[in-house]
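Visitor: I'd like to go over a predicted model; first the sequence, then the structure.
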Amino acid sequence: MQFGYFDDEQREYVIQQPDTPLPWINYLGCEDYFGIISNTAGGYSFYKDARLRRLTRYRYNNVPLDAGGRYLYLRDDDPIENHSRPLFWSPTWQPTRLPLDEYECRHGMGYTNIRSRLAGIESEIRYFVPLGENLETWELTLTNHRQAAANLSIFSAIEFCLWDALDDATNFQRNYNVGEVEVLDEVIYHKSEYRERRNHFAYFACSEPLTGFDTQRVAFLGPYRDWSNPLGVEKGSLTRSIATGWQPIGAQHVKVSLDPGVQKSVIFILGYHENLLDDKFDPPDSQTINKRSVLPIISRYLAKNEINRSFQSLGEYWNGLLEKQQVTTPDEHTNRMVNIWNVYQTMATFNLSRSASYFESGIGRGMGFRDSNQDLLGFVHLNPDLARQRILDLAATQLPDGGAYHQYQPLTKRGNDDIGSNFNDDPLWLVLSTAAYLKETGDWEILDELVPFDNTLGTEESLYEHLHRSIQYTIDRRGPHGLPLIGRADWNDCLNLNCFSNTPGQSFQTTINKEGKVAESIFIAGLFIQAAKEMGEISKRHASSHDPDKYSQLANQMEATVWESGWDGDWFLRAYDDYGNPLGSKDCEEGRIFIEPQGICIMAGLGIEDGRATQALDAVAEHLATPHGIVLHQPAFSRYYLHLGEISTYPAGYKENAGIFCHNNPWVMIAEAAVGRGDAAFDYYLRINPSAREAISEIHRCEPYVYAQMIAGRDAPSTGEAKNSWLTGTAAWNYVAITQWMLGIRPTFVGLQVEPVMPANWDGFDVIRYYRDVRYEISISRQGPGNQVLLIIEGDPIDGTCIPLPPAGTSVVRVTANIGEA
Ligand code: GLC
Ligand code: GLC
């Protein structure tokens, strides 16, 4: 069952009924100002940091679902016969939830459009954030389809958040007293705490003269009412309340009179603005906000022409990004995800890491170290400059011993231990992201950038040295078998082998651990081999003090260790626990086989030559694959194991306890491609591809246009149900798996490689890829079975599968690749 459809031409997903199984959201903004917006206009906005600079309130886990948003109400001001109460409704369905005659929501690239119709009044609202600005615009267009003139009131309503969203939701003894606003020339300014240490404020403005406004929530809603029936809307007039304390809001009242057939636009803007610290007030000795620098911005964006112009620029911006790689394959789900939605989602994960979504509250996590490094893998080709900056920001949170803070707060860019430390895989991901950046750009100078440790002045070393310390960090932390010690956890946050927590309410992430000199991770071993190999390649090409051979020796050594102590005969082990017993082994009753080491070790090249990789992948197919994707492990843990930690806390089939953790499914796709099995890789790809799952939306329940972190596994009562959509490493990894390994268009240090491993029944496909400022037009054509590649560049066959870098000044390179034995 579907709740909408893809409009690929417009690059939109069109939702046809407001009561989707869960709020289906979109993101507004892609620079500093962001908002999440649901298909019924729920959501909130923030500047840079969803926790520390929250503009509007949102109530997670509320009833009804999705409470708080960018609300508009339409009210029929003409008395209606036989109606005891006036007719008013939300053109976005929420919050009044009055049934609409027509409804359609279009989520597009950086904008959302909600169109509806009730009682002969059509309404269309376009929400977006203009590029380069810290504001969002809502343009409402009303059309009167009635035979008679319509006298309508429009009400807007937002609820301001007192900036720090965590404090806002907890510290009521203070917060009920600090709220302050100004209303001047019909603009509502939210300025709580502006009198003291803040130099920023929010504003809410409208293009039409206001009949009234309210800024105190209780005045607008009336006591004991909610957003579905505000007293002010019911009465048709607002009270001009000025909030001090309690809950500051912005509500505006505009009256319009529309003749039959007439259309009218009204623009609302909500924005964030900062003043210089010593120029906050005007006059300087007053307490009034200095509005000189904000007023020109407000008047600019209240004009329809400017809105249209900036909406067009937003479209061009996204065209420019998506154009970097476009594919035409025989499969519509592949085309749609690769050309539109998968890229769009990697932008969201790049911008927001795991901070703000319908499932991430914006107050829990900032920018994750391992998460952001992995997000870069799918993002780097889109905007290499931003990727470069991100790599340097991440490296600056690294610690002198090579370790890393697990996350940093985007506003301050300083690392913190709020969600734990000593995840021993963390530092290695920096090597992978930097390698991906180098392969994409050839910008070797980044390695010489001086970057501090722990953001401390005076500690600067080259980025290259940072990478070296990432490698050294693992070398310095090896256990009894010579495998990497796991620390608090590796990629799997919930495999807590040193935690031994038996106290209710303790956080597995932050509680004090054992010293951890025994528990080892085969996953980190695989990741290390991959990182060390990349370092070897990087060192070869970069004049440096470290011996390049050293890294390949380290990789070989670790590989030997894995074969000796990390191979269980049919598949790779997962770990050794604190007692030195293996996990993910045939001998285990539960947790006998895990997906992560199979994926990561084969990605690192292990067993590809000698058939052991195929053997491990066959085991994955046999034990872990389900129609909805590949589960993390089997059998699921049926009870809590003190020595395994959080992984065994979840009911079987959910999250890290044998859920389908979509993030690592692409590792298996890549591994299948690496052993040459295109059909298997592509089959796994389609099982979790959101577009391919659209037809079962009533089971999947999350948005069909973006990946979710988790799909309930085979042990769960709700098998196939997705949770935690949008902010997941799944986005970047699936993009890498499909584009670089199955379609096989792979950046390398020396040029673009073309090595497709496609399904047997594909005749071929076409790719346009911009790489180091050159446009590659690549046409792949199957000549026979197998994956053998013959590359023909501008008509000339060449040896190998890598397109050599063209001479400077070349703008287009045309490539044909013949696949298979002719
Ligand atoms: C979450 C975390 C990620 C971790 C994964 C598995 O997605 O953001 O860092 O690797 O869970 O535990
Ligand atoms: C919890 C989640 C896990 C996530 C982690 C991040 O352990 O289960 O998926 O990665 O929190 O803090």
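Guide: That came through, no problem. Ligands and ions are numbered 1, 2, ... in the order given.
Visitor: quick one: low-confidence ranges for this structure?
Guide: The model of the chain has pLDDT under 70 over residues 82-83, 544-545.
Visitor: in it, which residue sits nearest ligand 2?
Guide: The nearest approach of the chain to ligand 2 comes at residue 493, 3.8 Å away (Cβ to the nearest ligand atom). Bear in mind the C-beta positions are built from the backbone N, C-alpha and C, glycine included.
Visitor: state the number of residues packed around that residue.
Guide: Counted with other Cβ atoms under 10 Å, residues neighbouring residue 493 total 21.
Visitor: repeat for residue 278
Guide: A total of 8 residues lie near residue 278 under the criterion other Cβ under 10 Å.
Visitor: and it, helix, strand or coil?
Guide: Three-state call for residue 278 (DSSP: H, G, I helix; E, B strand; the rest coil): helix.
Visitor: residue 17 versus that one, what's the distance?
Guide: Taking Cβ to Cβ, to the nearest Å as the measure, residue 278 falls 53 Å from residue 17.
Visitor: please apply the same query to residue 730.
Guide: 26 Å.
Visitor: up against ligand 2, what does the stretch 651-800 of the chain have?
Guide: By the rule Cβ under 6 Å from any ligand atom, the part of the stretch 651-800 of the chain lying against ligand 2 is 655, 656.
Visitor: er, the stretch 301-450 of the chain actually
Guide: Taking Cβ under 6 Å from any ligand atom, the part of the stretch 301-450 of the chain that reaches ligand 2 is made up of residue 419.
Visitor: please, where are all the strands along the stretch 301-450 of the chain?
Guide: 325-328, 367-368, 407-408, 415-416, 450-451 (DSSP state E, counting those that start in this stretch).
Visitor: looking at those, which is closest to residue 711?
Guide: Nearest of those to residue 711, taken as Cβ to Cβ: strand 367-368 at 21.1 Å.
Visitor: name the residues that touch the closest one?
Guide: 353, 354, 355, 394, 406, 407, 408, 409, 410 (Cβ atoms under 8 Å, 6 or more residues apart in numbering).
Visitor: next: stretch 377-390.
Guide: Applying Cβ under 8 Å, 6+ apart, the contact partners of stretch 377-390 are 321, 324-325, 342-343, 346-347, 349-350, 372, 376, 432-433, 436-437, 440-441, 443, 446, 731-736, 747, 770-771.
Visitor: from the chain's centroid, how far away is stretch 600-613?
Guide: Distance, stretch centre to chain centre, for stretch 600-613: 30 Å (Cα atoms, centre = their mean, to the nearest Å).
Visitor: can you get me the start-to-end distance on that stretch?
Guide: With Cα to Cα, to the nearest Å applied, stretch 600-613 spans 11 Å between its terminal residues.
Visitor: same question, stretch 726-735
Guide: Using Cα to Cα, the end-to-end distance of stretch 726-735 comes to 14 Å.
Visitor: flag every buried residue along that stretch.
Guide: For stretch 726-735, burial by neighbour count (16 or more other Cβ atoms under 10 Å) applies to 726, 727, 728, 729, 730, 731, 732, 733, 734, 735.
Visitor: ok, the third one - contacts?
Guide: Meaning residue 728. 349, 354, 662, 663, 707, 708, 709.
Visitor: okay, now the closest residue to residue 169 other than its chain neighbours: neighbour count?
Guide: Spatially, and ignoring its direct neighbours in sequence, residue 169 is nearest to residue 363 (7.4 Å; Cβ to Cβ, 6 or more residues apart in numbering). As a burial measure, residue 363 scores 20 neighbours (other Cβ under 10 Å).
Visitor: could you number the chain from 44 rather than 1 from now on?
Guide: Done: numbering now begins at 44, and the last item shifts to residue 406.
Visitor: do I have it right that residue 406 meets residue 210?
Guide: No - using Cβ atoms under 8 Å, residue 406 is not in contact with residue 210; the gap is 9.2 Å.
Visitor: returning to that earlier point: okay, and which of the contacts of residue 771 map to helices?
Guide: Members of the contacts of residue 771 lying in helices (criterion: DSSP state H): residue 392.
Visitor: quick one: the contacts of residue 771 as CSV, columns for distance to residue 674 and neighbour count too.
Guide: Below are the contacts of residue 771 laid out as CSV (distance: Cβ to Cβ, whole Å; neighbours: other Cβ atoms under 10 Å):
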residue, distance to residue 674, neighbour count
392, 23, 26
397, 22, 24
705, 11, 28
706, 13, 25
750, 16, 34
751, 15, 24
752, 14, 25
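Visitor: near ligand 1 too, which of the contacts of residue 771?
Guide: Within the contacts of residue 771, those near ligand 1 by Cβ under 6 Å from any ligand atom are 397, 752.
Visitor: got a PyMOL select line for the buried ones in the contacts of stretch 420-433?
Guide: In PyMOL syntax, the buried subset of these is picked out as below (16+ other Cβ under 10 Å):
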select buried, resi 364+368+385+386+389+390+392+393+415+419+475+476+479+480+483+484+489+774+775+776+777+778+779+790+814
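Visitor: show me the contacts of stretch 420-433 that map onto helices.
Guide: Among those, the residues falling in helices (DSSP H) are 364, 385-386, 389-390, 392-393, 415, 419, 475-476, 479-480, 483-484, 774-779.
Visitor: so what's the residue count around the closest residue to residue 281 other than its chain neighbours?
Guide: In space, residue 281 comes closest to residue 255 once its chain neighbours are excluded; the distance is 3.6 Å by Cβ to Cβ, 6+ apart. Residue 255 sits with 18 neighbouring residues when counted by other Cβ under 10 Å.
Visitor: partners of the helix or strand hosting residue 314 in the sheet?
Guide: Secondary structure from DSSP states H and E places residue 314 in strand 306-317. If you go by DSSP bridges, strand 306-317 pairs up with strand 178-187 (antiparallel), strand 243-249 (antiparallel).
Visitor: so the residue in the stretch 394-543 of the chain positioned nearest to ligand 1: helix, strand or coil?
Guide: Using Cβ to the nearest ligand atom, the single residue of the stretch 394-543 of the chain nearest to ligand 1 is residue 536, 3.5 Å away. At residue 536 the chain is in coil, as set by three-state DSSP.
Visitor: so what's residue 320 closest to, chain neighbours aside?
Guide: residue 242 is the one closest to residue 320 (Cβ to Cβ, 6+ apart), at 5.1 Å.
Visitor: what is the burial count for the one you found?
Guide: Number of residues near residue 242 (other Cβ under 10 Å) recorded here: 15.
Visitor: and residue 808, by the same measure?
Guide: Using other Cβ under 10 Å: residue 808 sits among 20 other residues.
Visitor: quick one: contacts for it?
Guide: Counted by Cβ under 8 Å, 6+ apart, residue 808 has contacts 370, 371, 372, 373, 786, 799, 801, 823.
Visitor: the protein against ligand 1: which residues are in contact?
Guide: 397, 411, 413, 414, 534, 535, 536, 537, 699, 752, 771.
Visitor: before we move on, back to that, which ones are touching the residue of the chain closest to ligand 2?
Guide: Neighbour list for residue 536: 466, 551, 552, 689, 699 [criterion: Cβ under 8 Å, 6+ apart].
Visitor: one more: residue 227?
Guide: residue 334.
Visitor: do you know how far it is from ligand 1?
Guide: Look at residue 227 and ligand 1: by Cβ to the nearest ligand atom, to the nearest Å, they are 44 Å apart.
Visitor: beta partners for that residue?
Guide: Going by DSSP bridges, residue 227 forms beta bridges with residue 230.
Visitor: from residue 331, how far off is it?
Guide: 8 Å.
Visitor: over to residue 720?
Guide: For residue 720, the distance to residue 331 (Cβ to Cβ) stands at 69 Å.
Visitor: between these two, who's got more neighbours?
Guide: Using other Cβ under 10 Å, the more surrounded residue of residue 720 and residue 331 is residue 720, with 20 against 15.
Visitor: count of residues packed around residue 428?
Guide: Neighbours around residue 428, by other Cβ under 10 Å: 9.
Visitor: if anything else comes up later, I'll come back, but that's it for now.
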